[in-house]
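Undergrad: after the sequence you'll find the predicted model.
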Amino acid sequence: MKEIVVISGKGGTGKTSLTAAFAVLAGSEIVVADCDVDAADMHLLLEPDIRHQETFLSGELAVINQDQCSGCGACAAVCRFGAIPFLNGHYVVDEISCEGCGYCARVCPDEAITNIEQNVGNWFRSEIRTGTTMVHAGLNIGADNSGKLVARVKNEARAVAHENGKEFVLVDGSPGVGCPVVSSLSGAAFAVLVTEPTVSGLHDLKRVHQLVKMFGIPCGCIVNKADLNADVLRQLRTYLAAEGIADLAEIPYDEQFTAAATNGRTIVEWDDNLAGLIRNCWCEIQTHVTTQV
């Protein structure tokens, strides 16, 4: 089993639309993992029927037992995050500011503070309309530890793939270069970089490619909305050639992408002309993965 991870240096490049299209083309031969847990939306196109759901606990939050608290203020004095203000005659924990380090509990002479695990979101295992399994998740608003939730989603997807003898796990990774992206790339056999011919698109492609190189992961690039800027497109081509990045496809800007998403369908189910281009791209991706030593 090999993992194909689709990522982008910035949001808005069409990463998820293309990943969902690949999922439809692959049908029941793959397991899908939506690891863009901070803004998960593949479910809008793949219609998951949830078969299993679990709460995801990660990180800790300090809680003060006011009945035991003497109001000495030792906890507030040591909190470097300013997370224990004095309000209405009591020291209380600001849940947004608390980092769960546990220092306040250690210095409390009254043993009035405990740390509890936080519910930061949920993960799901679902059957989707392509006849396969999708593992996906949702991070609670303002919650941290999305990298750990990504790891949980990927591990579950791997287990499903092994159990059912699937050749590939197709991963929709997070945009950017932060912790969720690092977690998305862990264990990948091939990375698909989705970009666009804009100044920010080129800049962020270079950043995310540096991350991929650090992992030693082979990669290819899809230039979406390729006809937006001819000058930047030339710069993109030059960069791909210089770095030895496979040029997987150049997809023109087309409002049919929006029309397809509005109707709950992927572009390969909506527009025959673009479907052929993306089908060829998916075939090339599989070739790159299967021919690796």
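TA: Cool, the structure landed. Numbers count the residues shown, from 1 in each chain.

Undergrad: contacts for stretch 286-293?
TA: Residues from elsewhere that reach stretch 286-293 (Cβ atoms under 8 Å, 6 or more residues apart in numbering): Lys2, Ile4, Phe168, Ala189, Phe190, Pro218, Gly220, Ala246. All C-beta spots, glycine's among them, are computed from the backbone N, C-alpha and C.

Undergrad: can you check stretch 45-55 too?
TA: In contact with stretch 45-55 (Cβ under 8 Å, 6+ apart) are residues 16-17, 20, 23-24, 32, 119, 121-130, 134, 136, 261, 264-266.

Undergrad: looking at the residues you listed, which are in helices?
TA: Thr16, Ser17, Ala20, Ala23, Val24, Ala261 (DSSP state H).

Undergrad: weed out the non-buried ones from the contacts of stretch 45-55.
TA: Buried members of the contacts of stretch 45-55, scored by 16 or more other Cβ atoms under 10 Å, are 16-17, 20, 23-24, 32, 121-126, 128, 130, 134, 136, 261, 265-266.

Undergrad: next secondary structure element downstream of the worst-scoring helix or strand of the chain on mean pLDDT?
TA: Sorted by mean pLDDT, DSSP states H and E, the helices and strands of the chain end with helix 179-185, the least confident at a mean of 91. Note on helix 179-185: by DSSP states H and E, the next helix or strand toward the C-terminus is strand 190-195.

Undergrad: elements contacting that next one?
TA: In this structure, strand 190-195 packs against strand 2-8, helix 15-26, helix 199-215, strand 219-224, helix 272-290, with contacts taken as 3 or more Cβ pairs under 8 Å, 6 or more residues apart in numbering; DSSP states H and E.

Undergrad: again, only this time at 10 Å
TA: strand 2-8, helix 15-26, strand 168-175, helix 199-215, strand 219-224, helix 230-243, strand 246-251, helix 272-290 (3 or more Cβ pairs under 10 Å, 6 or more residues apart in numbering; DSSP states H and E).

Undergrad: can I get those in JSON lines with distance to Phe86 and mean pLDDT?
TA: Formatted as JSON lines, those follow (distance: least, Cβ to Cβ, whole Å; pLDDT from 0 to 100):
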{"stretch": "strand 2-8", "distance to Phe86": "45", "mean pLDDT": "96"}
{"stretch": "helix 15-26", "distance to Phe86": "45", "mean pLDDT": "96"}
{"stretch": "strand 168-175", "distance to Phe86": "38", "mean pLDDT": "94"}
{"stretch": "helix 199-215", "distance to Phe86": "43", "mean pLDDT": "96"}
{"stretch": "strand 219-224", "distance to Phe86": "53", "mean pLDDT": "98"}
{"stretch": "helix 230-243", "distance to Phe86": "54", "mean pLDDT": "97"}
{"stretch": "strand 246-251", "distance to Phe86": "57", "mean pLDDT": "96"}
{"stretch": "helix 272-290", "distance to Phe86": "58", "mean pLDDT": "94"}
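
Undergrad: looking at the ones you listed, which is buried most?
TA: strand 168-175 (a mean of 26; mean count of other Cβ atoms under 10 Å).

Undergrad: that one pairs with which strands?
TA: Strand 168-175 has its sheet partners listed here by DSSP bridges as strand 2-8 (parallel), strand 30-34 (parallel).

Undergrad: average pLDDT across the next helix or strand after the shortest one?
TA: This means strand 30-34. Downstream of strand 30-34, the next assigned helix or strand under DSSP H and E is helix 43-46. Averaged over helix 43-46, pLDDT sits at 94.
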